[in-house]
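# sequence? don't have it. structure:
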């Protein structure tokens with residue numbers, strides 16, 4: 001299993017791929033890794049902003065929604081996680097919420113226009129899951145909440161608490177997905 005996170009701190013001391021911040025870096029780095037060393041499955045973790053969810057809470061992505069794209073032709077803007085991984089992760093962290101997670105290159109990008117119903121936003125999930133889908137590798141996204149989506153004062157974000165929550169959950173998540 002390949003553990004993927006945008007930053008080293010989100011890997012919480014575990015070996016894995018640091019894919020970079022934002023959808024372009026995440027998609028490119030993940031695709032490269034999948035070609036070089038195809039894993040059995042991918043667990044993508046990280047912090048996220050949310051509306052009405054307490055910092056430190058875990059959210060399992062029921063789907064990844066790409067919020068930065070709009071075109072007159074059909075484009076892929078949603079990717080669902082692997083159903084088997086979703087069930088395993090739900091059992092491993094039963095208190096986690098299961099919600100769609102928006103992916104946007106800008107903070108607050110998921111609350112604009114058609115995506116206003118989303119409660120959780122991060123910057124890499126869609127790109128990682130899309131790369132995995134195209135490579136035929138099962139994948140899932142799990143996020144820990146660090147801040148309220150509308151909170152512009154980054155000094156109020158609870159990044160440390162969110163990283164701590166990921167760190168606490170990772171042994172259970174990895175055990176469930178390695179089984």
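Ah, there it is. The model shown is predicted, which means the values in this text are computed figures rather than measured ones.

# residues in contact with the closest residue in space to residue 143 that isn't next to it in sequence?
Nearest residue to residue 143 in three dimensions, chain neighbours excluded: residue 48, at 3.8 Å (C-beta to C-beta, 6 or more residues apart in numbering). Heads up, the C-betas are built off the backbone N, CA and C, glycines and all. Neighbour list for residue 48: 59, 101, 120, 121, 122, 143, 144, 145, 146, 162 [criterion: C-beta atoms under 8 Å, 6 or more residues apart in numbering].

# which parts of the helix or strand harbouring residue 177 are buried?
Using DSSP states H and E, residue 177 sits in helix 159-178. Of the residues in helix 159-178, those scored as buried under the neighbour-count criterion (16 or more other C-beta atoms under 10 Å) are 161, 162, 163, 165, 166, 167, 169, 170, 173, 174, 176, 177.

# need the next SSE after the worst-scoring helix or strand of the chain on mean pLDDT, C-terminal direction.
Confidence across the helices and strands of the chain bottoms out at strand 78-79, with a mean of 88, counting by mean pLDDT, DSSP states H and E. Downstream of strand 78-79, the first helix or strand assigned by DSSP H and E is helix 83-92.

# Now do that following helix: distance to the chain's middle.
Helix 83-92 sits 15 Å away from the centroid of its parent chain (C-alpha atoms, centre = their mean, to the nearest Å).

# export the buried residues of helix 159-178 to JSON lines and tack on pLDDT?
Rendered in JSON lines, the data for these read as follows (pLDDT from 0 to 100):
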{"residue": "161", "pLDDT": "97"}
{"residue": "162", "pLDDT": "97"}
{"residue": "163", "pLDDT": "97"}
{"residue": "165", "pLDDT": "98"}
{"residue": "166", "pLDDT": "98"}
{"residue": "167", "pLDDT": "97"}
{"residue": "169", "pLDDT": "98"}
{"residue": "170", "pLDDT": "97"}
{"residue": "173", "pLDDT": "97"}
{"residue": "174", "pLDDT": "96"}
{"residue": "176", "pLDDT": "94"}
{"residue": "177", "pLDDT": "92"}
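
# Give the single residue among those positioned nearest to residue 30.
Closest approach to residue 30 among those (C-beta to C-beta): residue 177, at 16.4 Å.

# I'd assumed residue 42 was in contact with that closest one.
No. Counting by C-beta atoms under 8 Å, residue 177 stays clear of residue 42, with 9.1 Å between them.
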